[in-house]
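Chemist: next one to model:
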Amino acid sequence: MENKAPFLRIEHLSRSYPGVQALADVSFDVKRGQLHALVGENGAGKSTLIKILAGALEQDEGTMWLNGQPYQPRNPHDALQSGVSTIYQVFNLLPDRSIKHNILLGKESLRHGLWLDLKEMTRQTKEVLSRLDAGHLDPEMLVGDLKVGEQQIVEIAKALLNASELLIMDEPTAALNQVEVQALFSNIKRLKQHGVTILYVSHRLEEIFELADRVTVLRDGQHIITAPIEEVNERSLVVHMIGREVSSLASIQTQPAAQEVLRVDKIFSGKWLKDVSFSLHAGEILAVAGLAGSGKTELGKVLFGDLPLENGGIFVRGKPFRPSPGNAIRKGIIYLPEDRKKDGVIQGLSVKRNISLSILPRLSKFLGILDLAEEKKVALEEAQALDIKMPGIDSNASTLSGGNQQKVALARCLAVDPEIFILMEPTQGIDVGVKFEIYQFIAEQSQQGRAILLISSELTEILGLAHRVLVMHEGRIAADLDVRQTGEDEILSYALGVASAEKSASISVM
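Modeler: The predicted structure is shown next:
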């Protein structure tokens, strides 16, 4: 018989910052042993809520109950002592220490109460890793030498050794490739089998429908709905999240022209790219897919000049092109970096200056003096074109939400009036409302005849937007596929090298 008493109950929770009501009278409950998804746009209040649960913030009003007892952590240590662990996007690990020292930090085994019992620590580490199907990891390995997915396993192992009953996971798949995502999902199912309750925060709705038992939607700091996952669908969930209907991806595709604007001919770059060739046409959305380390990220960087081109040729409108950021912009090629906070937007500059950065020479006259009035005019036009939500064009970019910062980066691209966009993970970490706006932006650029090289880890996005998809594996193009005649399984099989191996084997038999 199901235990209907909630494991976690949140009642009338409120929290404000100067000028911002982050949470307003939020109430919902989480059932024991379930995965409860928490979704909402950037600024909906998700981060504030999980920080309160983790003991990193205190609420202004409201109460929380955990396992039937009042729950009010004064700090993260209090939360851990109460059986609540939080795994943030940025892991809380010591990279220069071993797996076992990270997992058992603060819980080290001692011999005679005087020195570390390293043998016992190794035994405990192996035991907890085996529970996560990660027995291949050596407890002596340095955490800094691990892949991202393996570091996440270490974080989960820490939570298990802490006997955590509530595990909060904040965007756990944001930095994982497809293989690591599936490994994470398997571990989540194991955790549930051990009775662990999971509060799961993600922008990726397909994950929510695969994993969640129940879902809560926050919007503008307010509780909108809590429901069993089978009572909602993706469209209804999006409407709850953004408060309006959105158009589908399928209705915004156009056909590319025959005119070739970019040709890449047998290029090599270090260990990243090996004999890569393809063409890009006017109005075409050409996606590039692949696992981490496949070369897809480096391809975008080489084409823009952020990584060296060692051999091979690149041609823009039939003429040889030697890539460098300056040459690229002069040739009408613009690049949206993968890391928005590090490379896409300069946090200390105004929205206006972020938008105008790539065209400052064009806005300057008379001995290089910047025309401030023209700069403001151009920045306002591009900000309006992308519907950037901001206090003002002179406001600091750091004050904007993540989605609006991404729009600022796109506005800077648009200001160049490019013929070719190189877009690196344009919707990574973006809430669903802004994501659909960016999809619409990409489609509109295609309709206007601009060519887009879309480098993405989102297979749903690739299949919904692109005309073709290049799948990369170990620095080479493993497949060039028409999206109308392929699917996620085929793309992933080429990304893993499975389809290529099967094809080679069948040819050798013939």
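Chemist: which elements pack onto the helix or strand harbouring Lys407?
Modeler: Element membership for Lys407 (DSSP states H and E) is helix 402-415. Contacts defined by 3 or more CB pairs under 8 Å, 6 or more residues apart in numbering; DSSP states H and E place helix 402-415 against strand 333-336, helix 351-356, helix 372-385, helix 432-447. Backbone N, C-alpha and C define where each C-beta goes, glycine included.
Chemist: give me that answer again for 6 Å
Modeler: strand 333-336, helix 351-356, helix 372-385 (3 or more CB pairs under 6 Å, 6 or more residues apart in numbering; DSSP states H and E).
Chemist: mind checking these for the one nearest to Phe421?
Modeler: Nearest to Phe421, of all those, is strand 333-336, at 5.9 Å by CB to CB.
Chemist: so what's the gap between that closest one and the chain middle?
Modeler: 20 Å (CA atoms, centre = their mean, to the nearest Å).
Chemist: direction included, what does that strand pair against?
Modeler: strand 420-424 (parallel) (DSSP bridges).
Chemist: starting at the chain centroid, how far to stretch 47-60?
Modeler: 22 Å.
Chemist: ok and the helix holding Lys407 relative to helix 432-447, angle-wise?
Modeler: With axes from the mean of the first three to the mean of the last three CA atoms, to 10 degrees as the basis, helix 402-415 and helix 432-447 are set at 10 degrees to each other.
Chemist: how does this structure divide into domains?
Modeler: Here the chain is described, according to automatic domain parsing, as comprising the domains 6-242, 251-332+418-509, 346-415.
Chemist: who's in contact with the helix holding Lys407?
Modeler: Contacts with helix 402-415, where a contact means CB atoms under 6 Å, 6 or more residues apart in numbering, come from 42, 334, 336, 340, 344-345, 351, 354-355, 357-359, 378, 382-383, 386, 388-389, 397, 430-431, 434.
Chemist: residue ranges for the helices of the stretch 251-400 of the chain, please.
Modeler: 296-304, 325-330, 351-356, 372-385 (DSSP state H, counting those that start in this stretch).
Chemist: from the contact counts, what lies against the third one?
Modeler: Identification of packing neighbours for helix 351-356 by 3+ CB pairs under 6 Å, 6+ apart yields helix 372-385, helix 402-415.
Chemist: and these, which is most packed in?
Modeler: helix 402-415 (a mean of 24; mean count of other CB atoms under 10 Å).
Chemist: and it, how far out from the chain's middle?
Modeler: For helix 402-415, the distance to the chain centre is 17 Å (CA atoms, centre = their mean).
Chemist: what of stretch 99-119?
Modeler: With CA atoms, centre = their mean, you get 35 Å for stretch 99-119.
Chemist: kindly report the same for stretch 168-179.
Modeler: Centroid displacement of stretch 168-179 relative to its chain, using CA atoms, centre = their mean, is 8 Å.
Chemist: buried set for that stretch?
Modeler: By neighbour count with 16 or more other CB atoms under 10 Å, stretch 168-179 contains the buried residues Ile168, Met169, Asp170, Glu171, Pro172, Thr173, Ala175, Leu176, Asn177, Gln178.
Chemist: can you tell me the closest non-neighbouring residue to Val128?
Modeler: Ala157 (4.6 Å; CB to CB, 6 or more residues apart in numbering).
Chemist: swap that for Gly83, sorry
Modeler: Residue nearest to Gly83 in three dimensions, not counting chain neighbours: Glu165, with 4.0 Å by CB to CB, 6+ apart.
Chemist: now the angle from the helix holding Lys407 to helix 372-385?
Modeler: Going by the same axes, to 10 degrees, helix 402-415 makes 120 degrees with helix 372-385.
Chemist: please work out the average pLDDT along helix 402-415.
Modeler: Mean per-residue pLDDT for helix 402-415: 91.
Chemist: take that helix, keep the C-alpha atoms, and write them as CSV.
Modeler: Output of helix 402-415 as CSV, limited to C-alpha atoms (Å, rounded to 0.1, in the frame of the first residue of the first chain):
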residue,chain,number,x,y,z
GLY,A,402,20.7,33.6,-19.0
GLY,A,403,18.3,33.5,-21.9
ASN,A,404,18.5,37.2,-22.5
GLN,A,405,22.3,37.2,-22.3
GLN,A,406,22.2,34.6,-25.0
LYS,A,407,20.0,36.9,-27.0
VAL,A,408,22.6,39.7,-26.5
ALA,A,409,25.3,37.4,-28.0
LEU,A,410,23.0,36.6,-30.9
ALA,A,411,22.3,40.4,-31.4
ARG,A,412,26.1,41.0,-31.7
CYS,A,413,26.2,38.3,-34.4
LEU,A,414,23.2,39.9,-36.2
ALA,A,415,24.8,43.3,-36.1
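Chemist: coming back round to it: reformat the helices of the stretch 251-400 of the chain as a markdown table; add mean pLDDT and distance to Ile242.
Modeler: Formatted as a markdown table, these follow (pLDDT from 0 to 100; distance: least, CB to CB, whole Å):
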| stretch | mean pLDDT | distance to Ile242 |
| --- | --- | --- |
| helix 296-304 | 94 | 29 |
| helix 325-330 | 92 | 34 |
| helix 351-356 | 93 | 22 |
| helix 372-385 | 92 | 20 |
